[in-house]
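Asker: Show me the folded form of this:
(chains A and B)
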Amino acid sequence: MIEIEKVRKSFGPLEVLKGIDLTVAKGEVLTVIGGSGSGKSTLLTCINGLEPIDSGRILVDGVEVHAKSTNLNKLRQKIGIVFQQWNAFPHLTVLENVMLAPRKVLGRSKAEAEAEAEKQLKHVGLGDKLSVYPARLSGGQQQRMAIARALAMGPSYMLFDEVTSALDPMLVGEVLDTLRLLASEGMTMICVTHEMKFAREVSDRVAFFHQGIMAEIAPPEELFGAPKTAELEKFLAATH
Amino acid sequence: MFETAMTAKDFWMLVQGAGMTLLVTAISVAIGTVVGVICGIFRFQAGPWWAIPVTFVLDVCRSVPLLIQLSLAFAFVTAVLKLRISGFSVACGVLSLYTAAYCSEIVRGALESVPPNTRRAGRSLGMTWLQDMRYIALPLASRVALPSWIGLSLGVMKDSALIYVVNVSELMKSTKDLITRLQEPLFLLLLCGVFYFVISFPVARFGSYLEKRWSND
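Answerer: Residues are numbered from 1 along each chain as shown, chains lettered A, B, ... in the order given. A predicted model of the protein is given here:
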């Protein structure tokens, strides 16, 4: 379970999270929508401790992420994150990209890591690209590789930060299909996204962020069908 | 010009000089690179403010002409500290620092060229700072640094011609001695140039070979 309590976060004078309260249960798929600068991406990087927070707290399986005593490297093994820019390790092949962290962080043997990496890459449809360098892959393939790389660590939670925003429209579908697959397998996911159709389809709940505040959160039919705030109405009108 | 009084023994003297040039260069580049990488990582990680003392020392090594550094270092060590240290050791010490100064700059620049997001991805997989440095940042940085580093090594080899001031008989000093004796400057300088080329060429080729091998596409 991920528990977010009264989290505030500023970048200099700009407050991007103004007291967020949110709980994500095991197995839940939560999508987060909202305009740019609404704080939704920042929230994800705070959940796995890549960004510090100013006040409030975030608990992952009862462990406080930003507590001094927390071993962040250990905690991050539980929380996979995939970014808008896929950030492949360009000097390693696709297989090596996925094997690196399990080998060095979890101390897996080469054979074990290789088997797991192969399994995950096949899972996301890259079984035929194992020995290729990332430079030879399309954006969509690189993004799926990044997903496999995160999955190979065996995370309990997956965070997706606008994973299709930097992609050619032609390639968005294949990445969304991978996310759908994960959702159907029961992975606990938080997806920040601009793909409304996707959000409507896969989410258990959808959260709408506006200027650092979680303005609304509800199951998709309810949130898209009967928006309560004027901001959400405006946002939905603009994105359709 | 092609009739020469040079004997096989004289030629052997040049070969020995070339050997000395290679030895001093190899030692200085090896030590200088290790020190340079450490200083470069420190300067990158500590930020410009904390790195000021290191940067200052390295800047001095980069800006004072090598000839002056060698003469001053030798005078300081032998006359002021009264240590019985050979010119060879002083030459290796000064050239190592000189290499380290340039190398740290190359390493710092190369590390800055590694996209922070790529490193972030590494950290998000649970890697420690050291693991990220070792398996992601340094391998990527070394690809950026390689051409400059090869250039630096070749430069140090040519600059090592200046260590004659601390009485080390490397290639240039041997050539000069021969010129004084045989009075055939053109021929001997040409031969000396060929020697330098023969030493440098494999290094330069090896560099481009590595560059190609590391291109990863």
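
Asker: So which residues on chain B come close to chain A?
Answerer: Listed as neighbours of chain A in chain B under the rule Cβ under 8 Å from any Cβ of the partner chain: B:115, B:117-118, B:120-128, B:131, B:135-136, B:139-140, B:143, B:214, B:216-217. In short, each C-beta sits where N, CA and C put it, glycine included.

Asker: what about 7 Å?
Answerer: B:117-118, B:120-121, B:123-128, B:131, B:135-136, B:139-140, B:143, B:216-217 (Cβ under 7 Å from any Cβ of the partner chain).

Asker: From these, list just the buried residues.
Answerer: B:118, B:120-121, B:123-127, B:131, B:135-136, B:139-140, B:143 (16 or more other Cβ atoms under 10 Å in any protein chain shown).

Asker: Would you check which pair of these lies furthest apart?
Answerer: B:Gly126 and B:Arg143 (24.8 Å; Cβ to Cβ).

Asker: How about the residues of chain A by chain B?
Answerer: With the criterion set to Cβ under 7 Å from any Cβ, chain A comes near chain B through A:48, A:50, A:73-74, A:76-77, A:81, A:83, A:85, A:87, A:89-91, A:100-101, A:104-105, A:133, A:135-136, A:149, A:153.

Asker: Which residue ranges of chain B form helices?
Answerer: Along chain B, counting by DSSP state H, helices occupy B:8-50, B:52-63, B:66-75, B:87-113, B:116-124, B:129-132, B:138-159, B:171-182, B:185-213.

Asker: Which among the ones you listed is found nearest to A:Glu174?
Answerer: Taking the helices of chain B one by one with Cβ to Cβ, helix B:116-124 is closest: 20.2 Å.

Asker: name the helices or strands packed onto that closest one?
Answerer: helix B:129-132 (3 or more Cβ pairs under 7 Å, 6 or more residues apart in numbering or on different chains; DSSP states H and E).

Asker: Contacts for the helix it packs on next, please.
Answerer: With contact meaning Cβ atoms under 7 Å, 6 or more residues apart in numbering or on different chains, helix B:129-132 is reached by A:104-105, B:119, B:122-123.

Asker: Which single one of those is nearest to B:Asn167?
Answerer: Closest to B:Asn167 out of these is B:Arg119 (48.0 Å), distances taken as Cβ to Cβ.

Asker: where does B:Ser86 land on pLDDT?
Answerer: Looking at B:Ser86, its pLDDT is 88.

Asker: what do you get for B:Ala8?
Answerer: Looking at B:Ala8, the pLDDT reads 85.

Asker: what's the answer for A:Leu171, then?
Answerer: You'll see A:Leu171 listed with a pLDDT of 84.

Asker: same deal with A:Gln84?
Answerer: pLDDT at A:Gln84 comes out at 88.

Asker: Could you verify that it is part of a strand?
Answerer: No. Counting by DSSP: H, G, I helix; E, B strand; the rest coil, one finds A:Gln84 to be coil, located in no strand.

Asker: Which residue comes closest to it once chain neighbours are left out?
Answerer: A:Glu162 (4.4 Å; Cβ to Cβ, 6 or more residues apart in numbering or on different chains).

Asker: next one: A:Gly186
Answerer: A:Gly27 (5.3 Å).

Asker: returning to what we had before: quick check, nearest of the contacts of helix B:129-132 to B:Thr180?
Answerer: Nearest to B:Thr180, judged by Cβ to Cβ, of the contacts of helix B:129-132 is B:Arg119 at 57.0 Å.

Asker: Let me see the contact set for that closest one.
Answerer: B:132, B:136-137.

Asker: Tabulate the residues you listed (JSON lines), appending distance to A:Asp168 and pLDDT.
Answerer: Conversion of these to JSON lines gives the following (distance: Cβ to Cβ, whole Å; pLDDT from 0 to 100):
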{"residue": "B:Asp132", "distance to A:Asp168": "30", "pLDDT": "94"}
{"residue": "B:Ile136", "distance to A:Asp168": "26", "pLDDT": "94"}
{"residue": "B:Ala137", "distance to A:Asp168": "29", "pLDDT": "94"}
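
Asker: Need the nearest residue in space to A:Glu174, chain neighbours excluded.
Answerer: A:Gly140 (4.9 Å).

Asker: ok, the residue nearest to A:Gly186 to chain B distance?
Answerer: 22 Å (Cβ to the nearest Cβ, to the nearest Å).

Asker: can you count the residues close to that residue?
Answerer: By the measure other Cβ atoms under 10 Å in any protein chain shown, the count of residues near A:Gly27 is 11.

Asker: Regarding chain A, what is its longest helix?
Answerer: Across chain A, the helix with the greatest residue count (assigned by DSSP H) is helix A:169-184.

Asker: From the contact counts, what lies against it?
Answerer: Short answer (3+ Cβ pairs under 7 Å, 6+ apart): helix A:169-184 packs on helix A:139-151, strand A:188-192, helix A:196-202.

Asker: closest one to B:Lys176 among the ones you listed?
Answerer: Checking those against B:Lys176 by Cβ to Cβ gives helix A:139-151 as the closest, at 58.5 Å.

Asker: gap between that closest one and the chain center?
Answerer: Put simply, helix A:139-151 sits 12 Å off its chain's centre (Cα atoms, centre = their mean, to the nearest Å).

Asker: Please apply the same query to stretch A:198-209.
Answerer: Distance, centroid of stretch A:198-209 to centroid of chain: 13 Å (Cα atoms, centre = their mean).

Asker: got it, and stretch B:9-16?
Answerer: 24 Å.

Asker: Correct me if wrong: the residue nearest to A:Gln84 contacts A:Phe83.
Answerer: No. In this structure, A:Glu162 is not within contact of A:Phe83 by Cβ atoms under 7 Å, at 8.0 Å.

Asker: Looking only at neighbour counts, state which of the two leads.
Answerer: Higher neighbour count among A:Glu162 and A:Phe83: A:Phe83, with 24 against 21, using other Cβ under 10 Å.

Asker: doesn't A:Asp161 make contact with that one?
Answerer: Yes. Proximity of A:Phe83 to A:Asp161 meets the contact threshold set by Cβ under 7 Å, at 5.1 Å.

Asker: quick one: the residue nearest to A:Gln84 and B:Gly47, what's the gap?
Answerer: Relative to B:Gly47, A:Glu162 is positioned 30 Å away (Cβ to Cβ, to the nearest Å).
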